[in-house]
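Chemist: Predicted model and sequence follow; I will ask about them next.
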Amino acid sequence: MGKTLAEKIWADHIVSSAANEPDLLYIDLHLIHEVTSPQAFDGLRLAGRPVRRPDLTIATEDHNVPTLNIDQPIADPVSKLQVDTLRANCKEFGVRIHSLGDSQQGIVHVVGPQLGITQPGMTIVCGDSHTSTHGAFGALAFGIGTSEVEHVLATQTLPLIRPKTMAINVEGTLKPGVTSKDIILAIIAKIGTGGGQGYVLEYRGSAIRALSMEGRMTVCNMSIEAGARAGLIAPDETTFAYVKDKPHAPQGAEWDAAVQYWKTLQSDSDAIFDKEITIDADELEPFVTWGTNPGQGLPLNANVPNPEEITDAEERGAAERALAYMGLVAGTPLKSVSVDTVFLGSCTNGRIEDLRAAAEVLKGKKIAPSIRLLVVPGSAKVRLQAESEGLDKVFLDAGGEWRNAGCSMCLGMNPDQLKPQERAASTSNRNFEGRQGKGGRTHLVSPLVAAATALRGTLSSPADL
Amino acid sequence: MEKFISHTGRAIPLRRSNVDTDQIIPAVYLKRVTKSGFEDGLFSAWRSDPEFVLNKSEYEGATILVAGPDFGTGSSREHAVWALQNYGFKVVLSSRFADIFRGNSQKAGLLTVLLAQEVIEEIWQAIEKDPTTAITVDLESKSVHYAGVNHSFEIDDYTRWRLMEGLDDIGLTLKKIDEVSAFEAKRAAFKPKTLPALQ
């Protein structure tokens, strides 16, 4: 019997394996940021342990950094201490770091791919659940907790129980205005926030193959929102072309050897997945979430659902609570919902193609007077690229704010937050209660829907303009 | 890590599904660089409501959290586990845990026990009726018992052994470090390195 892609990568990284024990897996790349690493470095210091492979480790500052006045010391003393702690730890343990002000600083999942250190067939971990993003390259990439961060720092391995595999076939052609974000929101709505628990997802099918690398990253990024620790896509010519000109891409004979190996990284035709589902890409519409978990989503043309029509008692209760929190009334057309803030950014949709797509919609137009539009590039490099294309001008001329790189309002750890009851259309990944600021209300959308919403002031797609 | 063999305590019913780690501890509390003091942030948004179950005097001092399905979804923050532990919880019972949260709990010594939703419902009813009900969670016999009722649960042998011995994973892996070195010697030359830094 053949193997799935995830099983192949897993097998290639087993350091040791024994009955009734987790496999010990080698980790090819460890990404670090300021929030989930300080306690891990403390643990190393207490035990007198070094970082085993500083040359397979890289740090960036993203979660807790300001997006304004980055040339000045961080104003919040607690945030400043956390960022300073990362800098001191990297210095002490010999870890490469891209700090605020550095052209490679940015969201850890944007930085890895742009440096070319994210490559097919690797195992990649980070103390951040959106590490699944790197699965777009055909890597087995997943989020870990701080205990595991310390474990990887000390040993470059992790003991892990082998996950099951699920194929998600997305066949057909997306309609104009429908994007990779809509694909993944539709998948999560279909399988639920717990549907992927215990699985590695493999996204397959013609609609996935047709996506750019950045579109694939958006899909894999939100695997965790379906409960799966990792999601991946088999590497192909699109992948190889993307990696080829990046700073850390293999060179010369090593490039040839790498590509030869990468071409084997596909699920065998006779491989059996533990579960398989199919999505019809032709039928997909721009998607938006109405509730407080990412599985509570519907096509933009739909109405706010009526909890009374939900048969499952648990889901009905959750929907009632969500509508109360979101301040929505059942039956209201989603397109009539007014928003206050539009957030364009995050590891889900903060890359150059996302900014280009939104700028295309906004070009030469003005956002609605009541709207605050926050544009936060995923990395300093994305920001520079956007400026070289004049996209910053488009956002500013439309009435938006052009910020520096970081996680920003995706998780509201820095000053970029929603106020209580403030409503946002956000290109990020989580609409949890209070995620973007205490009491804030989040609707997850694609960059196209975000831009159209900024112009009209109500949830909209470019087709509504 | 402290050994976990058996724990007896009172329990709190948390009748909510899909409790994500942003609810367990919001991001604004994640700025600390220590593992302690996170109890203030535990369920902080919900705790501003006097009717929230953690604010009810009859459940004060409880050490077992009986949660709804899909507990611990979302962010990988281990701070969620620390916040529960800092507050005084030793065990969480649920019919479904998010993968990363469960992994983090098992590393940090917070026991997460999987029970069928009917059993969770039964325990909810028992502790709502009598909040003083003492519940014993016994890792040795893999069972939860209270007021004459007994339910067994499954946990993989390796995790159970590690928790009962209070062993930390790093120490165990370091015993196999020669195998790690042998693996490294065979790694493909084309695998990327972060040093020297190329840009």
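Modeler: Ah, there it is.

Chemist: Which of the helices or strands spans residue 86?
Modeler: No chain in the question, so chain A it is. If you go by DSSP states H and E, A:Leu86 is part of helix A:77-93.

Chemist: hm, I was asking about chain B
Modeler: Residue-wise, B:Asn86 maps onto helix B:79-87 under DSSP H and E.

Chemist: Send over the helix or strand that that helix is followed by as CSV, restricted to the C-alpha atoms.
Modeler: Sequence order places strand B:91-94 as the next helix or strand after helix B:79-87, per DSSP H and E. Extracted C-alpha coordinates of strand B:91-94, given in CSV (Å, rounded to 0.1, in the frame of the first residue of the first chain):
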residue,chain,number,x,y,z
VAL,B,91,-7.5,18.2,36.0
VAL,B,92,-9.7,19.1,33.1
LEU,B,93,-12.4,16.7,31.9
SER,B,94,-14.0,17.0,28.4
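
Chemist: Check whether the helix or strand just after strand B:91-94 comes into contact with chain A.
Modeler: Of the helices and strands lying after strand B:91-94 in sequence (DSSP H and E), the nearest is helix B:99-108. Yes - on the criterion C-beta under 8 Å from any C-beta of the partner chain, helix B:99-108 is in touch with chain A at B:Asp99, B:Ile100, B:Gly103, B:Asn104, B:Lys107, B:Ala108. For the C-beta atoms, the positions are set from N, CA and C on the backbone; glycine is no exception.

Chemist: Just list the residues touching the residue nearest to the spatial centre of chain B, thanks.
Modeler: In chain B, the C-alpha closest to the average C-alpha coordinate belongs to B:Ser105, at a distance of 3.7 Å (C-alpha atoms, centre = their mean). Neighbouring residues of B:Ser105 by C-beta atoms under 8 Å, 6 or more residues apart in numbering or on different chains: B:Gly72, B:Val81, B:Val92, B:Phe97, B:Leu111, B:Thr112.

Chemist: Give me the contacts around the top helix by length along chain B.
Modeler: Of all the segments of type helix in chain B, defined by DSSP state H, the longest one is helix B:117-129. For helix B:117-129, contacts defined as C-beta under 8 Å, 6+ apart pick out B:10-13, B:15, B:66-69, B:93-95, B:115, B:133, B:135, B:144, B:146-147, B:149, B:151.

Chemist: With stretch A:34-49 instead?
Modeler: Stretch A:34-49 is contacted from outside by A:50-51, A:59, A:61-65, A:82-83, A:85-86, A:89, A:92-93, A:127-128, A:145-147, A:149-150, A:153-154, A:413, B:30-31, B:33-35, B:76-78, B:170, using C-beta under 8 Å, 6+ apart.

Chemist: 7 Å - rerun?
Modeler: Residues outside stretch A:34-49 that contact it (C-beta atoms under 7 Å, 6 or more residues apart in numbering or on different chains): A:61, A:63-64, A:82-83, A:85-86, A:89, A:93, A:127-128, A:146, A:149-150, A:153-154, B:30, B:33-35, B:77.

Chemist: mind saving the C-alpha coords of that stretch as CSV?
Modeler: What follows is stretch A:34-49, C-alpha atoms only, in CSV (Å, rounded to 0.1, in the frame of the first residue of the first chain):
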residue,chain,number,x,y,z
GLU,A,34,9.0,36.9,21.6
VAL,A,35,5.8,35.6,23.2
THR,A,36,6.2,31.8,23.5
SER,A,37,10.0,31.5,23.9
PRO,A,38,11.1,33.4,27.1
GLN,A,39,10.1,30.6,29.5
ALA,A,40,11.7,28.0,27.2
PHE,A,41,15.1,29.9,27.2
ASP,A,42,14.7,30.1,31.0
GLY,A,43,14.4,26.4,31.2
LEU,A,44,17.6,25.9,29.2
ARG,A,45,19.5,28.3,31.4
LEU,A,46,18.2,26.5,34.6
ALA,A,47,19.4,23.1,33.2
GLY,A,48,22.6,24.5,31.8
ARG,A,49,21.7,23.3,28.3
